[in-house]
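Undergrad: Starting from these lines, generate the structure:
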Amino acid sequence: MKAIRIHKYGGPEVLTYEDAPRPEHGEDDVLIRVHAAGVNPADWQIRSGKRGVLEEPFSMTLGFDVSGVVEATGSNVRHFEVGDAVYGMLPGAYAEYVAGPAASVAHKPRCLDHIQAAAMPVIALTAWQALFDAGELSAGQTVLIQAAAGGVGHIAVQLAKWKGARVIGTASARNEDFLREIGVDEFIDYRTTRFEDVVRDVDVVLDAVVRDADDDIDVLAGETLERSWSVLKKNGVLVSICTRPSPEAAAEHGVRGKYILAKSNAAQLTEIAGLVDAGHVKPTIAAVLGLKDARKAHELSQTGHTRGKIVLRI
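TA: Have a look, this model is predicted:
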């Protein structure tokens, strides 16, 4: 099969389009013929060595977001059959085939094509687990979503509105109309307004500002997190998907700080698919590129200014 692999850490130039062995599947696994794969910041953070733990040289197929069709099932798999359209969070998604636990995938939302479905798993699970598992967001509460037009952010806006929360979102001015259309109640242009000057007593802050290898962006992102403490009400919670919040800073402000790293969860993916089919949630696609164009996809993602998700068509 064809795949995008890396054999050392580095910039987009280390991404290689090459032949790779088709993965084997175990008794609890499914083998999926991939139709599309989503691109996430975690992908290029791994590629650059920012999340790297392997000794060079090595061979790694990147990607976690997948949408495709079941090609084969393990002997213990009962919920899927060959030919089923599925989506999920599995490592090695930048390839023509991927194999992994059946417990990590769910039936694809019926109203989405594979491109749209491939945009969903990582960002939807991240938003769900940040807002509801860590943030315990409920109807009638107020949430501030930092970087609301990004991949995680724009899904978080829709999930929070479905839950019945009031949503405040920060982004650049060009995204105001888009965010109001998907449910933001109060928009803040982070380039012209300091959010802490106009926001008070929110129940949950979701910090979804992507950290890049670039020092300036990293400093800006860190400042956003630190400035977020003051807008929370007592015992409110700041949930970051990028950096572990300081327990000392949380205690000083009388609030809570949590960090989440999305985990595969088929039950949540199934519930999210139901929300998509019911019209409550819809992914926005920033760009669709071929598998051979993974380098360009990473370059676009690393700008930190894409609206929604970038997807690779396999």
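
Undergrad: If you count neighbours, what's buried in stretch 191-207?
TA: The neighbour-count check on stretch 191-207 (16 or more other C-beta atoms under 10 Å) flags Phe195, Val199, Val202, Asp203, Val204, Val205, Leu206, Asp207 as buried. In this view, the C-beta of every residue, glycine as well, is placed from N, C-alpha and C.

Undergrad: From one end of it to the other, what's the distance?
TA: Using C-alpha to C-alpha, to the nearest Å, the gap from the first to the last residue of stretch 191-207 comes to 17 Å.

Undergrad: Name the surrounding residues that touch that stretch.
TA: Surrounding stretch 191-207, the residues in contact under the criterion C-beta atoms under 8 Å, 6 or more residues apart in numbering are 127, 130-131, 135-137, 141-146, 152-153, 156, 165, 168, 170, 172-173, 188, 224-225, 227-228, 230-233, 236-243, 245.

Undergrad: does Ala42 sit in a helix, a strand or a coil?
TA: helix (DSSP: H, G, I helix; E, B strand; the rest coil).

Undergrad: Out of the contacts of stretch 191-207, which sit inside helices?
TA: The subset of the contacts of stretch 191-207 located in helices under the criterion DSSP state H comprises Ala127, Val152, Gly153, Ala156, Thr224, Leu225, Arg227, Ser228.

Undergrad: distance of the fifth one from Leu206?
TA: I take that to be Thr224. Remark: distance between Thr224 and Leu206 (C-beta to C-beta, to the nearest Å) = 11 Å.

Undergrad: try the last one
TA: With distances taken as C-beta to C-beta, Ser228 is found 9 Å from Leu206.

Undergrad: Residues that sit against both of these two, list them.
TA: The overlap between the contact sets of Ser228 and Leu206 (C-beta under 8 Å, 6+ apart) consists of Leu144, Gln146.

Undergrad: domains for the protein, by residue range?
TA: When the chain is parsed into structural domains using automatic domain parsing, the resulting residue ranges are 2-120+283-313, 123-259.

Undergrad: Centre of the chain to the longest one, how far?
TA: Going by C-alpha atoms, centre = their mean, to the nearest Å, the spacing between the C-alpha centre of domain 2-120+283-313 and its chain's C-alpha centre is 13 Å.
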